[in-house]
Structures are given as structure tokens and as C-alpha cells.
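J.: Generate coordinates for the sequence data below:
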Amino acid sequence: MQSIASLEQTLLDHLRQLPPDKQQEVLHFAEFLRQKLLSPSKPASGLSLQDLASLPLSQRHQALAPFIADMAEDFKTDPALTEFSALDSEDWEFPDDEP
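T.: Below is the predicted model:
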């Protein structure tokens, strides 16, 4: 295993080779990991909507990624989620409309 100084140098070398937008993503990820270490009792799935909204976009995507596949499957198979009764034609008919 690398020494801490060697690991830090390797990380810096790789980081310097990235474009600024990717460096920013690395920073957000590092902040996310640090935050996770500071509050390990609060996993990503336990974040409140306000907590999620306050995260940088890349961290928000990372926190929600584990749930996307299950959610997509729910929308494909659960009739309660695929039924859009608010868009039934009777809701769009007005008294002045011609038959």
C-alpha cells in the first residue's frame, strides 16, 4: 500500500491532468466523502429533501443513483404510478365546447 504522502502526490498528479470542470467534480466528491465520514449515521437514503437539494448536482446524482433502477421498474409495473386520470378527456371538456 502507498504511503500517505505518495498517495497524496499521486492524487495531485492525476487531478492536475483533469480539466477544471472535472477537477470541480473531484472536489465535490471529496466533500461528499468527508461529509459522509462526519455523519455516518445518516446514509444517502436518509437525506431529507432539503439536504438533497443543498448538495451539488454531482453529489445529488450520486446519492440518488442507487434508487433509479427500482424507481424506473416501479413506474413500469405499478398501475397506480402509470395511471394519469387527471388527463382524462372529461377533464378537458368545457361547457362552451362544440360536440
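
J.: For the longest helix seen in the chain, which residues meet the burial criterion?
T.: Using DSSP state H, we find that the single longest helix of the chain is helix 57-77. Of all the residues in helix 57-77, those buried under the rule 16 or more other C-beta atoms under 10 Å are 59, 60, 63. The way it works is simple: take the backbone N, C-alpha and C, and place the C-beta from them, glycine included.

J.: pLDDT and distance to residue 37 for those - can I get that in CSV?
T.: Listed next are these as CSV, based on pLDDT from 0 to 100; distance: C-beta to C-beta, whole Å:
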residue, pLDDT, distance to residue 37
59, 85, 14
60, 86, 19
63, 83, 15
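
J.: can you put those residues in TSV and add distance to residue 30?
T.: Below are these laid out as TSV (distance: C-beta to C-beta, whole Å):
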residue	distance to residue 30
59	10
60	16
63	15
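
J.: right, and out of the residues you listed, which lies closest to residue 77?
T.: residue 63 (24.3 Å; C-beta to C-beta).

J.: of all the buried residues of helix 57-77, which comes closest to residue 51?
T.: residue 63 (8.8 Å).

J.: so that closest one touches residue 54, yeah?
T.: No - applying C-beta atoms under 8 Å as the test, residue 63 and residue 54 come out as separate, 11.2 Å apart.

J.: re the thing from before, go ahead and produce PDB holding the CA coordinates of the longest helix of the chain.
T.: Below are the C-alpha coordinates for helix 57-77, written out as PDB (Å, rounded to 0.1, in the frame of the first residue of the first chain):
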ATOM      1  CA  LEU A  57     -25.600  18.300  -8.600                       C
ATOM      2  CA  SER A  58     -23.000  15.600  -8.900                       C
ATOM      3  CA  GLN A  59     -23.400  14.600  -5.300                       C
ATOM      4  CA  ARG A  60     -27.200  14.700  -5.600                       C
ATOM      5  CA  HIS A  61     -27.000  12.300  -8.600                       C
ATOM      6  CA  GLN A  62     -24.600  10.100  -6.700                       C
ATOM      7  CA  ALA A  63     -26.900  10.000  -3.700                       C
ATOM      8  CA  LEU A  64     -30.000   9.100  -5.800                       C
ATOM      9  CA  ALA A  65     -28.300   6.700  -8.300                       C
ATOM     10  CA  PRO A  66     -28.900   3.600  -6.200                       C
ATOM     11  CA  PHE A  67     -32.700   4.200  -6.300                       C
ATOM     12  CA  ILE A  68     -33.100   5.000 -10.000                       C
ATOM     13  CA  ALA A  69     -33.400   1.400 -11.300                       C
ATOM     14  CA  ASP A  70     -36.000   0.500  -8.700                       C
ATOM     15  CA  MET A  71     -38.000   3.600  -9.300                       C
ATOM     16  CA  ALA A  72     -38.000   3.000 -13.100                       C
ATOM     17  CA  GLU A  73     -39.200  -0.500 -12.500                       C
ATOM     18  CA  ASP A  74     -42.000   0.800 -10.200                       C
ATOM     19  CA  PHE A  75     -43.200   3.200 -12.900                       C
ATOM     20  CA  LYS A  76     -43.200   0.400 -15.500                       C
ATOM     21  CA  THR A  77     -45.100  -2.100 -13.400                       C
END
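
J.: I appreciate the help and will end here.
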